[in-house]
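Participant: Just need the structure, nothing else, for what follows:
(one chain, ligands or ions: 1)
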Amino acid sequence: SEQSLVSARASVMVYDDSHKRWLPSGTSQGISKVHIYQHVINNTFRVVGRKLQDHEVSINCAILRGLKYNQATPTFHQWRDNRQVVFGLNFSSKEEADSFAQTMMVVLDTL
Ligand SMILES: CC[C@@H]1C=C[C@H]2CCN(C(=O)[C@@H]3CC[C@H]4C=C[C@]5(CCCN5C(=O)[C@H](Cc5ccccc5Cl)NC(C)=O)C(=O)N43)[C@@H]2C(=O)N1CC(=O)O
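Facilitator: Okay, here's the model as predicted:
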């Protein structure tokens, strides 16, 4: 019922507002495979990432209308979820960052 529109390798980070620093999402550091999934029935979208090493879910975040996707650097992109949690994706390559961002922008345009 869900199809992957794009996948990319990235270190998934969450911003710790109280200490003003980025933390790795989940229980350990490490690269995740991050997808944008489209739920074809109800036409919703979300970002899902799983650590390459142990498949722990590192991100599971709805993509909602009005999301501001910030490409802070060619390989570090970030956004706030609807509870104001700030996610950062530290991509393994510029190419993967570009293809992820391109799909994100198309998805945001359709919402
Ligand atoms: C993984 C290490 C990491 C790698 C890359 C660099 C890139 C820049 N960077 C940052 O954290 C930048 C520097 C200033 C700081 C201040 C605040 C932050 C943190 C919280 C959000 N934010 C916003 O600037 C938001 C973004 C946004 C705009 C528009 C829509 C949505 C959003 Cl989320 N601006 C608003 C106006 O909301 C922030 O990203 N910040 C990262 C960084 O230094 N490091 C190294 C380290 O930390 O050692």
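
Participant: Nearest to the spatial middle of the chain, which residue is it?
Facilitator: With distances taken as Cα atoms, centre = their mean, the chain has V47 as the residue nearest its mean C-alpha position (5.0 Å).

Participant: Does anything pack onto the lengthiest strand in the chain? Which helices or strands?
Facilitator: Scanning the chain for the strand with the most residues, using DSSP state E, yields strand 2-16. Helices and strands in packing contact with strand 2-16 are listed as strand 21-24, strand 31-39, strand 44-51, strand 86-91, helix 94-110; criterion 3 or more Cβ pairs under 8 Å, 6 or more residues apart in numbering; DSSP states H and E. Heads up, the C-betas are built off the backbone N, CA and C, glycines and all.

Participant: export these to CSV and tack on mean pLDDT?
Facilitator: Shown next, in CSV, are the helices and strands packed on strand 2-16 (pLDDT from 0 to 100):
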stretch, mean pLDDT
strand 21-24, 98
strand 31-39, 98
strand 44-51, 98
strand 86-91, 98
helix 94-110, 98
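
Participant: Dump those into JSON lines; add distance to the ligand as well.
Facilitator: Compiled in JSON lines, the helices and strands packed on strand 2-16 are given as follows (distance: least, Cβ to the nearest ligand atom, whole Å):
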{"stretch": "strand 21-24", "distance to the ligand": "4"}
{"stretch": "strand 31-39", "distance to the ligand": "13"}
{"stretch": "strand 44-51", "distance to the ligand": "14"}
{"stretch": "strand 86-91", "distance to the ligand": "5"}
{"stretch": "helix 94-110", "distance to the ligand": "12"}
